[in-house]
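**Student:** Only the shape, not the letters, is given here:
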């Protein structure tokens, strides 16, 4: 299983998510956001041998046994939209730090910009306004989060933008 995951990561094209930052999609793992019995049942319907790994109350990590994460995510998106997301690694190794685009995009705007007006003009929902131009915008987990972050990065009035990542806590 580890060799299969390593081979997939080596072949995977990187996903860019920030200025010079990239991550690699794990072809044998997916994340379930807000785990539920319905989510587990839908996943096991597609991959009966999938195994849940330790995650957190908000995110369950699933190790796939057959199809690739891309195939499984596409099928699950049709059944439970916004409930599953890809698992990304910071390096081309399944042992490297992992991250999941869990929904939402953090944006830091230039000081001269009215955050509420800027978001309203783009028809974006503000989940939280932290003040001083820092916003958490709503988006569905997975590809929607990555797409929104990429689109907002092109706005010259945005200082910084990044997906709201779920990161696995590790002991030092």
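**Tutor:** Received, thanks. Quick caveat, the model's predicted, so the values are computed rather than measured.

**Student:** Specify the residue ranges that define each domain of this protein.
**Tutor:** According to automatic domain parsing, the chain comprises the domains 2-92, 101-167.

**Student:** check contacts around the most centrally placed residue in the chain.
**Tutor:** Closest to where the C-alpha atoms of the chain average out (Cα atoms, centre = their mean) is residue 101, at 1.6 Å. By Cβ atoms under 8 Å, 6 or more residues apart in numbering, the contact set of residue 101 is 85-86, 88, 141-143, 145-146, 163-165. Using the backbone N, CA and C atoms, a C-beta is placed for each residue, glycine as well.

**Student:** Need the residues you listed in TSV (columns: neighbour count).
**Tutor:** As requested, the contacts of residue 101 are exported to TSV (neighbours: other Cβ atoms under 10 Å):
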residue	neighbour count
85	29
86	24
88	26
141	26
142	25
143	17
145	26
146	21
163	29
164	19
165	16
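
**Student:** I figured residue 166 hits residue 102, correct?
**Tutor:** Yes. Taking Cβ atoms under 8 Å as the definition, residue 166 is a contact partner of residue 102 at 3.9 Å.

**Student:** Name the residues contacting each of these two.
**Tutor:** Shared contacts of residue 166 and residue 102, counting by Cβ under 8 Å, 6+ apart, come down to 31, 33, 58-59.

**Student:** Neighbour-wise, which one of those leads?
**Tutor:** Among the shared contacts of residue 166 and residue 102, the one with the most neighbours (other Cβ atoms under 10 Å) is residue 31, at 30 neighbours.

**Student:** quick one: that one is in a strand?
**Tutor:** Yes. Counting by DSSP: H, G, I helix; E, B strand; the rest coil, residue 31 falls inside a strand.

**Student:** Now do the contacts for the nearest residue to it once chain neighbours are set aside.
**Tutor:** Nearest residue to residue 31, sequence neighbours excluded (Cβ to Cβ, 6 or more residues apart in numbering): residue 100, at 4.2 Å. Applying Cβ under 8 Å, 6+ apart, we find residue 100 in contact with 31, 33, 59, 61, 85-88, 141, 165-167.
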